[in-house]
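Novice: sequence plus the predicted model coming up.
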Amino acid sequence: MKKILFTSAMAFLMFACGNNKKDDSSSGISIDGSSTVYPVTEAIAEEYRNEDPKVQVTIGVSGTGGGFQKFGRGDVDIANASRSIKEDEKAIAEENDINFIELEVAYDGLAVIAHPENDWLDCITVEELRTIWEPAAQGKIKRWNQIRSEWPDEEIHLYGPGVASGTFDYFTEAINGKSGSSRGDYTASEDDNVLVQGVAGDKYGLGFFGLAYYGENSEKLKLVGVDGGEGCVEPTSETVSNGSYAPLSRPLFVYVNSSSVKNNPKVIDFMEFYLEEVSSLLKDVGYVPLTEEEYKRERKKFADFVEQNKAEKAE
Amino acid sequence: MRKFKEVFIEKSLLTSALITILITVGIILVLSLEAVNFFREVSIIDFLTDSQWTPLFTDKHFGIMPLLSGTLLTSFIAIAFAVPIGLSISIYISEYAPRSFRKSIKPALELLAAVPTVVYGFFALTVVTPFLQSFIPGLSGFNSLSAGLVMGIMIIPFVSSLSEDALHAVPNSLREAAYGMGSTKLQNSFRVLVPAASSGIIVSVILAISRAIGETMIVAIAAGQQPRLTMDPTVPVETITAYIVQVSLGDVEHGSLEYRTIFAAGITLFIFTFLLNTFSYKIRKKFREKYE
């Protein structure tokens, strides 16, 4: 009796799984996850539409955690992530018999910016950034000399991304310890050009935004180094990509489901296209590419993963 | 047939008039319903007395004062700039300028009001602010001074055109009597005509104020987006209108408390301009045709 129950349960499970897979391959490629990685994947998907207009690529923005939840259930083919998968998320995926591969696609750096005539600020520590931006600073930290006593006795004018921005989540998590926790009395705009204008025209201004926007406006702005405990580091493509610009830089990932690779050749095609094209598209969306060797390594990693799954399928 | 035509025209005119009223009523209804929902969650006393406005952040405060002060500050600068200039222009055109010049200068002035406000906004941000920074050290890139001045330029025609009409409408007998008493042109203008036309001039100023308070693009672009309770014209502020723009463009969830803040801010703005318009209507009615 027990055995019959077990086999029927297994049969049911297999049937259910089989159904799922069929759905996946017929409905194109589904992606979900981090809003920070979204612009990269979105740019790739747009380009990919020119390559193969018949494949429907749908990209959701549930955040990295939300993306991994769906990924672990097998609901999506690819997960965008701005951090590595956590142990508990991994465990859920394994429970559901999902194998996956982690691929690094880009680095994201965040620049702290001041006015070019600002001659007192070359380097700021993470603690000082926290003093300025933590929620408790709201309405209290208003002058430069409240942060470091030798700084001028002038009002500090703060500029930063608004709450709808992924950069805001990232900065608040890295500096204040919790995503979304920040003071509210600063010039907040989702449009980074407004922030550039603001700091560029304000001697007592201080702001932060994606490194790409500094690159475009470097003659109007002054880049401030950040001291994360190991001396002052200025964000450059190099310090961002080797991780020494901490804590305001991080790698970005995509995760690919093995059963999607087995059953949907378009996913393989899409990911190959992704790793091939991503470095040339990154500048447009404002991130730092990996080195050419690293991309080669990631492409190799993915090719091996595909081979391995094909072999498994043939068995 | 003719009668039918008459009735048809009458009814369609009535409908047009009713449509404007209905739309106004609809706007008031939407504003107040959402605002009532807002005030269920936020006490009206906090709304009026709290000195911080940070509804989108962790430490939420719902004090309208910083936004209101931003609005009033920029409007005050605009009015302080536009009224003396507008009034001088109107006196010059009405009393001093030759008739042919008057004919060409008036439409030219009214062109100022026809420039799209987004153009004014970038004019303030990229021309006026750097110019002011050349002699005001410590002026921020976004500030109420530059936005206010440019807004003043925009409302000059409101003041000058309406005041000029009022001055022009003063009966000639008053002018003749003043000259007969031996007054100079200057005395005649400031001691006789301006007081005689004062109701029209006040109405023009009030209309200009309500235009300035409701102005959106210039302040959203040039005055900054930082709610701050201050009367310092050199630092970034945020006006009620700029806040509404900011939230409507962001991804605030519909129906949430954050979303409703724009209706609370909107109704505050509406009350202000409504009072000003009513006030100007009363003045116009009370003092009109005094000399005829």
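Specialist: Cool, the structure landed.
Novice: in chain A, what residue is nearest chain B?
Specialist: Chain B sits closest to A:Gly201 of chain A, with a gap of 2.2 Å, by Cβ to the nearest Cβ. C-beta: built from backbone N, CA, C; applies to glycine.
Novice: would you mind naming what in chain A lies close to chain B?
Specialist: With Cβ under 8 Å from any Cβ of the partner chain as the criterion, chain A meets chain B at residues A:135-136, A:138-139, A:154-155, A:157-158, A:162-164, A:180-190, A:194, A:197-205.
Novice: hmm, which of those residues are the buried ones?
Specialist: Buried by 16 or more other Cβ atoms under 10 Å in any protein chain shown: A:135, A:138-139, A:155, A:157-158, A:162-164, A:181-190, A:194, A:197-205, out of the residues of chain A next to chain B.
Novice: scan chain B for its longest helix.
Specialist: The residue-count maximum for a helix in chain B (DSSP state H) belongs to helix B:2-41.
Novice: not counting sequence-adjacent ones, nearest residue to the residue of the stretch 51-200 of chain B at minimum distance from chain A?
Specialist: Closest residue of the stretch 51-200 of chain B to chain A, Cβ to the nearest Cβ: B:Gly141 (2.2 Å). In this structure, B:Gly141 finds its nearest non-sequential neighbour in A:Gly201, 2.2 Å apart by Cβ to Cβ, 6 or more residues apart in numbering or on different chains.
Novice: B:Ser161 versus the one you found, what's the distance?
Specialist: According to Cβ to Cβ, to the nearest Å, A:Gly201 stands 34 Å off from B:Ser161.
Novice: what about A:Ile101, distance to B:Pro157?
Specialist: 66 Å.
Novice: of these two, who's got more company?
Specialist: B:Pro157 (24 against 19; other Cβ atoms under 10 Å in any protein chain shown).
Novice: starting at the chain centroid, how far to stretch B:135-155?
Specialist: With Cα atoms, centre = their mean, to the nearest Å as the basis, stretch B:135-155 stands 16 Å off its chain's centre.
Novice: distance between the ends of it?
Specialist: 25 Å (Cα to Cα, to the nearest Å).
Novice: and it, which residues are buried?
Specialist: Here stretch B:135-155 shows B:139-155 as buried, counting by 16+ other Cβ under 10 Å.
Novice: now swap in stretch A:257-276 and tell me
Specialist: A:257-264, A:266-268, A:270-271, A:273-275.
Novice: likewise stretch A:217-230?
Specialist: Across stretch A:217-230, burial judged by 16+ other Cβ under 10 Å covers A:Asn217, A:Leu221, A:Lys222, A:Leu223, A:Val224, A:Gly225, A:Val226, A:Asp227, A:Gly228.
Novice: tell me which residues are up against that stretch.
Specialist: The contact list for stretch A:217-230, computed with Cβ atoms under 8 Å, 6 or more residues apart in numbering or on different chains, reads A:111-116, A:118, A:121-126, A:129, A:196, A:199-200, A:206, A:214, A:232-235, A:244-248.
Novice: pull that stretch out as CSV, backbone CA atoms only.
Specialist: Coordinates of each C-alpha in stretch A:217-230 appear next as CSV, following Å, rounded to 0.1, in the frame of the first residue of the first chain:
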residue,chain,number,x,y,z
ASN,A,217,30.2,65.4,-15.7
SER,A,218,33.6,65.1,-14.2
GLU,A,219,34.7,68.6,-15.1
LYS,A,220,31.8,70.1,-13.1
LEU,A,221,32.1,67.9,-10.0
LYS,A,222,34.6,66.8,-7.5
LEU,A,223,34.8,63.1,-6.7
VAL,A,224,35.2,62.4,-3.0
GLY,A,225,37.2,59.3,-1.8
VAL,A,226,35.5,57.0,0.7
ASP,A,227,37.3,55.5,3.7
GLY,A,228,35.8,52.2,4.6
GLY,A,229,38.3,51.5,7.3
GLU,A,230,41.3,50.7,5.1
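Novice: next one: it to chain centre, how far?
Specialist: In this view, stretch A:217-230 has its centroid 21 Å away from the chain centroid, taken as Cα atoms, centre = their mean.
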